[in-house]
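Undergrad: sequence first, then the predicted structure, then my questions.
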Amino acid sequence: MLDQIKGLHHVTSMAKDARQNNAFFTGTLGLRRVKKTVNFDAPDVYHLYYGDETGTPGSVMTYFPFPNIGKGRPGVGEVGTTVYSVPEGSLGYWQTRLAEQGVTGLKSEETFGEKRLRFDGPDSEVFALVEGKDDARIPWSKGGVPGDEAIRGFHSATLRLKDGGATAELLKFMGYEDVDTSGNIKRLAIKNGNGADVIYIETLPGTPFADLGAGSVHHIAFAVENRAKQLEVRKALMDTGYQVTPVIDRDYFWSIYFRTPGGVLFEVATNEPGFDRDEDSAHLGEALKLPKQHAHLRPYLEKNLQSIGN
Ligand code: ZN
């Protein structure tokens, strides 16, 4: 069993409209946009990152907004719900805030003894806020949500799978422990993690596979401290028979990717070097940053990328 993985690093999804996406995550949810760059593999679209003040791994939701993309159809083989942690006693505040801002799909639920508030994102993707216990992570406090209520980072993500068995085994190999089961949902958690410690596996044998589109999670990334730990994880996965990509430089972290048995794309990303690598931490996310391989596209991109506001 591996011990290098420390919980979630980021979750990356697809959106239709960059401006609407930015307004939702910075305005409605009060997160900080910590990076405005482009998709390194398709540089004519943005890659927008939203998180806490510095974009701490475990807090970072990222989006590729494709203006011409169709709507995703939910199903198995994908991440279903992405869950944020908020302080105990704050769900009432969020219920009011989200309702006032016209957010749809609001529903109070209780899962594994934790109170949560489900809601839809701008492309009908499913999110929830859960009242995390003793979550000491420091929130971004300048996003319009008071510090007593602000989002601390991710709590968990739910994988929706036709057959969860092999993916549960994989997660255990990656260092997760099987902690509980309720109906068709299994709860796994990592010890000594970064706070974004829980993965749920929801098994839905009769459900068709998802069609990816706007509102779909593209991949989910797990955090390791540094490149040495990442190479240890890569070797262990390959020794187990997984096909893993070479290490790819994403400017703000290094990444490896592999497809899991249930169909979800996993990434393992480093905590280093971080989002302040190429801009002052006081101004994170404000300017359009381009990786050096796409720097020559700047005049074209500045003219053609949609303006998204602050
Ligand atoms: Zn990623």
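TA: That came in fine, so what should we check first?
Undergrad: from here on, contacts and neighbour counts on C-alpha atoms
TA: Noted.
Undergrad: list phi and psi for Gln95.
TA: When read as degrees, to the nearest 10, the backbone of Gln95 gives phi -60, psi -50.
Undergrad: for Gly51, name its beta-bridge partners.
TA: Taking DSSP bridges as the rule, Gly51 bridges to Arg32.
Undergrad: so what pLDDT did it get?
TA: The per-residue pLDDT reported for Gly51 equals 98.
Undergrad: so it touches Leu31, yeah?
TA: Yes - applying C-alpha atoms under 8 Å, one finds Gly51 in contact with Leu31, separated by 5.4 Å.
Undergrad: now for these two: what residues contact both?
TA: Listed contacts common to Gly51 and Leu31 are Trp140; contacts here mean C-alpha atoms under 8 Å, 6 or more residues apart in numbering.
Undergrad: give me the more crowded residue out of those two.
TA: Neighbours were counted for Gly51 and for Leu31 using other C-alpha atoms under 10 Å; Leu31 has more, 31 against 28.
Undergrad: and stretch 234-248, how far from the chain's centre?
TA: Centroid separation for stretch 234-248 versus its chain: 22 Å, with C-alpha atoms, centre = their mean, to the nearest Å.
Undergrad: and Phe266, that's in a strand?
TA: Yes - Phe266 forms part of a strand when assessed by DSSP: H, G, I helix; E, B strand; the rest coil.
Undergrad: wait, it sits on His219?
TA: Yes - in this structure, Phe266 is within contact of His219 by C-alpha under 8 Å, at 5.8 Å.
Undergrad: now the common contact residues for the two.
TA: By C-alpha under 8 Å, 6+ apart, no residue touches both Phe266 and His219.
Undergrad: where exactly do the helices run in the stretch 1-150 of the chain?
TA: 18-22, 91-100 (DSSP state H, counting those that start in this stretch).
Undergrad: packing partners for the last one?
TA: Right, helix 91-100. strand 114-120, strand 126-131 (3 or more C-alpha pairs under 8 Å, 6 or more residues apart in numbering; DSSP states H and E).
Undergrad: what about stretch 185-202, start to end distance?
TA: Using C-alpha to C-alpha, to the nearest Å, the end-to-end distance of stretch 185-202 comes to 4 Å.
Undergrad: what mean pLDDT does it get?
TA: For stretch 185-202, the mean confidence score works out to 97.
Undergrad: buried ones in that stretch?
TA: Using 16 or more other C-alpha atoms under 10 Å as the test for burial, stretch 185-202 gives 185-190, 193-202.
Undergrad: nearest to Val83, out of the helices and strands packed on helix 91-100?
TA: Nearest of the helices and strands packed on helix 91-100 to Val83, taken as C-alpha to C-alpha: strand 126-131 at 4.7 Å.
Undergrad: and of the helices of the stretch 1-150 of the chain, who's closest to Pro299?
TA: helix 18-22 (19.1 Å).
Undergrad: mind listing what's buried in that closest one?
TA: Ala18, Gln20, Asn21, Asn22.
Undergrad: most tightly packed of the helices and strands packed on helix 91-100?
TA: Stretch with highest mean neighbour count among the helices and strands packed on helix 91-100: strand 126-131 (a mean of 23; mean count of other C-alpha atoms under 10 Å).
Undergrad: so the very next helix or strand once past that strand versus strand 126-131, what angle?
TA: Next in sequence after strand 126-131, counting helices and strands by DSSP states H and E, comes strand 153-161. Inter-element angle recorded for strand 153-161 and strand 126-131: 130 degrees (by axes from the mean of the first three to the mean of the last three C-alpha atoms, to 10 degrees).
Undergrad: just the mean pLDDT for strand 153-161, thanks.
TA: For strand 153-161, the per-residue pLDDT averages 98.
Undergrad: residues in contact with whichever helix or strand comes after that strand?
TA: Counting by DSSP H and E, the element after strand 153-161 in chain order, helix or strand, is helix 165-173. For helix 165-173, contacts defined as C-alpha under 8 Å, 6+ apart pick out Met1, Leu2, Glu177, Asp178, Leu188, Ile201, Thr260, Pro261, Gly262.
Undergrad: tilt between helix 165-173 and strand 153-161?
TA: Using the same axes, to 10 degrees: helix 165-173 against strand 153-161 is 150 degrees.
Undergrad: and helix 165-173, what's buried?
TA: Quick answer for helix 165-173 (16+ other C-alpha under 10 Å): Thr167, Ala168, Leu170, Leu171, Lys172, Phe173.
Undergrad: avg pLDDT for it?
TA: Mean predicted lDDT for helix 165-173 stands at 97.
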